[in-house]
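K.L.:
give me coordinates for this.
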Amino acid sequence: MKWNNITIYQLQEIHSCRDMSHIEKTMNTLAIVKDWSMDKVESMPIDELTTELKKLDILNTLPTDKVRFSFRHRGRRWKLAKTTNEICGHHFIELQQVFNGDMIESLHKVMALLTYEVDLLGRTKKVTDAQAHYQEKCELFLSLPVTTAYSYAVFFSAVYPKLLETILTYLKEEMNQLKQEA
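P.N.:
Numbers count the residues shown, from 1 in each chain. As a prediction, this is how the structure comes out:
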């Protein structure tokens with residue numbers, strides 16, 4: 001069992017078990033990670049169950065993968081935003097709304113907002129219906145390995161405060177210019 005075998009969707013399912021008792025959470029986590037029914041987990045012999053539960057120990061440590069700003073998923077190529085120039089204004093506004101919620105529950109949405117699809121040469125693909133494309137990415141990224149999302153989320157959370165500061169400075173300058181014109 002490795003972190004790159006866990007998808008964002010599975011992580012969200014595991015996260016939804018956070019209010020359960022320790023044993024319930026552990027049993028549910030095993031069912032989620034192995035894609036087994038709870039009936040199967042509950043009917044396992046103790047020796048077999050113990051062996052399977054030991055494989056979950058990896059979940060007690062955080063993923064350590066390095067951030068990759070480009071990746072392939074489901075036969076498509078993607079790039080992640082590294083700078084503020086790569087983020088659209090409406091994406092920034094949507095990020096504000098997403099960050100007001102639970103980060104794990106919203107991880108696939110954050111990834112969808114901060115990625116863009118590229119062709120074989122790394123050029124951004126044109127999108128005709130941005131909203132439909134965003135919804136498609138949200139669905140697609142539920143199956144993204146946690147390791148890709150986690151390393152980028154750590155990077156972005158370090159950059160995010162600086163992004164807010166830059167945006168605030170820019171907006172103040174724009175307001176001053178508007179006041180002068182008025």
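K.L.:
please count neighbours and contacts with C-alpha atoms only from this point.
P.N.:
Fine.
K.L.:
what segments of the protein are strands?
P.N.:
Counting by DSSP state E, the segments of the chain that form strands are 70-73, 76-80, 115-118.
K.L.:
which one of those strands lies closest to residue 17?
P.N.:
strand 70-73 (27.2 Å; Cα to Cα).
K.L.:
give me the pLDDT for the residue nearest the centre of the chain.
P.N.:
The chain has residue 107 as the residue nearest its centroid, 3.1 Å off, counting by Cα atoms, centre = their mean. For residue 107, the pLDDT comes out at 89.
K.L.:
residue ranges with poor pLDDT in this structure?
P.N.:
84-85, 88-90, 92, 99-100, 159-164, 166-168, 170 (pLDDT under 70).
K.L.:
look through it and tell me its longest helix.
P.N.:
helix 146-181 (DSSP state H).
K.L.:
and the angle for that helix with strand 76-80?
P.N.:
50 degrees (axes from the mean of the first three to the mean of the last three Cα atoms, to 10 degrees).
K.L.:
now do the buried residues in helix 146-181.
P.N.:
Buried residues in helix 146-181, defined by neighbour count with 16 or more other Cα atoms under 10 Å: 146, 147, 148, 149, 150, 151, 152, 153, 156, 163.
K.L.:
ok, now stretch 87-107?
P.N.:
Buried residues in stretch 87-107 (16+ other Cα under 10 Å): 87, 92, 95, 98, 104, 105, 106, 107.
K.L.:
for stretch 25-34, same thing?
P.N.:
Neighbour-count burial for stretch 25-34 [16+ other Cα under 10 Å]: 25, 26, 27, 28, 29, 30, 31, 32, 33.
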